[in-house]
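S.K.: Sharing a model that was predicted from the sequence below.
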Amino acid sequence: MKKYMVGFFGILLAACSNKNGDFDAQGVFETEEVMVSAEIPGKLLSFSVQEGDSLQQNQPVALLDSMALVLQKAQLQASVKALNEKTLDVNPQIELYKKQYEVQSVQLKNLQFEKNRIQELLKSDAATRKQMDDLVFQIESLEKQMSVTQQLIKVQQTSIGTQNRSILSEVEPLEKRIDGVEDQLKKSTVLNPLNGVVLNTYAEAGEVVGAGKPLYKIADINTMILRVYVTGDQLSALKIGQMVKVYVDQDKESYKSYDGRIIAIANKAEFTPKTIQTKDERANLVYAIKVQVKNDGYLKIGMYGEVKF
């Protein structure tokens with residue numbers, strides 16, 4: 001009987017040994033985790049995220065009190081409006097000078113007509129030289145006045161234009177500040193960054209949080225990463241993009257298999273080797289390998305998995 005028992009345990013041990021030997025590497029499933037934080041400080045007016053919730057990308061998940069930002073934006077807009085009202089309208093003054101110039105032009109035309117008439121009268125001694133000199137003086141004076149009027153128009157345009165530019169130069173910085181406040185207002189609504197499942201929450205509605213305060217942690221579990229370690233002698237047979245078979249325990253006697261793809265291979269060993277190594281010691285160096293696996297809902301973070309290359 002002892003002989004049969006020894007034989008039975010020997011067969012069982014061999015079977016177990018072969019079962020473990022069927023796999024080239026073992027590891028743990030993980031996924032890319034994202035910590036979602038508040039980007040602005042404020043009171044959490046609403047936040048109903050719970051651990052285990054499935055969230056969609058760009059789904060609103062939290063609302064921060066933004067009344068201070070709303071008031072700040074209104075104040076900046078009022079400042080812009082006040083500056084615009086300070087600008088001067090150059091047109092009324094310019095129109096006045098233009099009308100004055102038109103009147104002077106008519107006067108000059110009349111004087112030139114009278115000058116021509118006097119010149120004709122001088123030929124027949126029907127007018128005096130003094131009359132002609134007076135007309136020439138009036139014409140010259142009027143031309144000078146018209147030149148001054150033209151200068152006044154240019155000066156007025158330049159002066160008021162300079163004043164307006166000085167005032168309006170303050171508008172652009174205010175508008176940029178308004179854009180900044182609007183950006184902050186958008187951030188008062190927290191949007192979920194990716195499709196996934198909430199792993200942990202770190203805040204409650206009603207709390208006052210600061211910028212950068214973590215609200216919850218989320219992970220996309222539709223695609224899992226199996227991190228395994230291989231020895232140096234296995235490394236030469238592996239490459240990025242290579243398809244492999246991944247196995248996880250389905251019950252005590254069987255495995256559930258998945259198709260996996262190698263997406264990363266470490267360039268360095270996980271620990272510093274000895275200075276002098278034998279061939280066996282070099283084989284003990286381990287390198288991290290990441291295998292991407294499509295999740296059917298069965299795979300969980302922290303679950304053990306085996307790989308066959």
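M.R.: Nice, thanks for sending it over.
S.K.: can we go C-alpha only for contacts and neighbour counts from here?
M.R.: Fine.
S.K.: and I263, which of the three is it?
M.R.: Here I263 is recorded as strand under DSSP: H, G, I helix; E, B strand; the rest coil.
S.K.: List the contacts of it.
M.R.: Remark: with contacts taken as C-alpha atoms under 8 Å, 6 or more residues apart in numbering, I263 is in contact with 240-241, 289-292.
S.K.: Of these, which is the most crowded?
M.R.: Neighbour counts for the contacts of I263 peak at V291, which has 27 neighbours (criterion: other C-alpha atoms under 10 Å).
S.K.: which residues sit against the helix or strand harbouring it?
M.R.: Secondary structure assignment for V291, by DSSP states H and E: strand 286-294. Residues lying outside strand 286-294 but in contact with it, judged by C-alpha under 8 Å, 6+ apart, are 222-232, 235, 246, 258-271.
S.K.: give me the number of residues near G161?
M.R.: 16.
S.K.: part of a helix, is it?
M.R.: Yes - applying three-state DSSP, one finds G161 inside a helix.
S.K.: Check the gap between it and Y97 for me.
M.R.: Shown here: G161 relative to Y97, a distance of 16 Å by C-alpha to C-alpha, to the nearest Å.
S.K.: CA-only coordinates of the helix or strand encompassing L69 in PDB, if you can.
M.R.: Applying DSSP H and E as the criterion places L69 in helix 67-86. Below are the C-alpha coordinates for helix 67-86, written out as PDB (Å, rounded to 0.1, in the frame of the first residue of the first chain):
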ATOM      1  CA  MET A  67     -19.700  83.200  -8.000                       C
ATOM      2  CA  ALA A  68     -16.400  85.000  -7.300                       C
ATOM      3  CA  LEU A  69     -15.300  84.400 -10.900                       C
ATOM      4  CA  VAL A  70     -18.700  85.600 -12.300                       C
ATOM      5  CA  LEU A  71     -18.400  88.800 -10.300                       C
ATOM      6  CA  GLN A  72     -14.800  89.300 -11.400                       C
ATOM      7  CA  LYS A  73     -15.800  88.900 -15.100                       C
ATOM      8  CA  ALA A  74     -18.700  91.400 -14.700                       C
ATOM      9  CA  GLN A  75     -16.300  93.900 -13.100                       C
ATOM     10  CA  LEU A  76     -13.800  93.500 -15.900                       C
ATOM     11  CA  GLN A  77     -16.500  93.900 -18.500                       C
ATOM     12  CA  ALA A  78     -17.700  97.100 -16.800                       C
ATOM     13  CA  SER A  79     -14.200  98.500 -16.900                       C
ATOM     14  CA  VAL A  80     -14.000  97.800 -20.600                       C
ATOM     15  CA  LYS A  81     -17.300  99.600 -21.200                       C
ATOM     16  CA  ALA A  82     -16.100 102.600 -19.100                       C
ATOM     17  CA  LEU A  83     -12.900 102.900 -21.200                       C
ATOM     18  CA  ASN A  84     -14.900 102.800 -24.400                       C
ATOM     19  CA  GLU A  85     -17.100 105.600 -23.100                       C
ATOM     20  CA  LYS A  86     -14.000 107.700 -22.300                       C
END
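S.K.: same for whichever helix or strand comes after it, what does it pack against?
M.R.: Under the assignment DSSP H and E, the closest C-terminal helix or strand after helix 67-86 is helix 91-123. Other elements packing on helix 91-123 under the criterion 3 or more C-alpha pairs under 8 Å, 6 or more residues apart in numbering; DSSP states H and E are helix 129-168.
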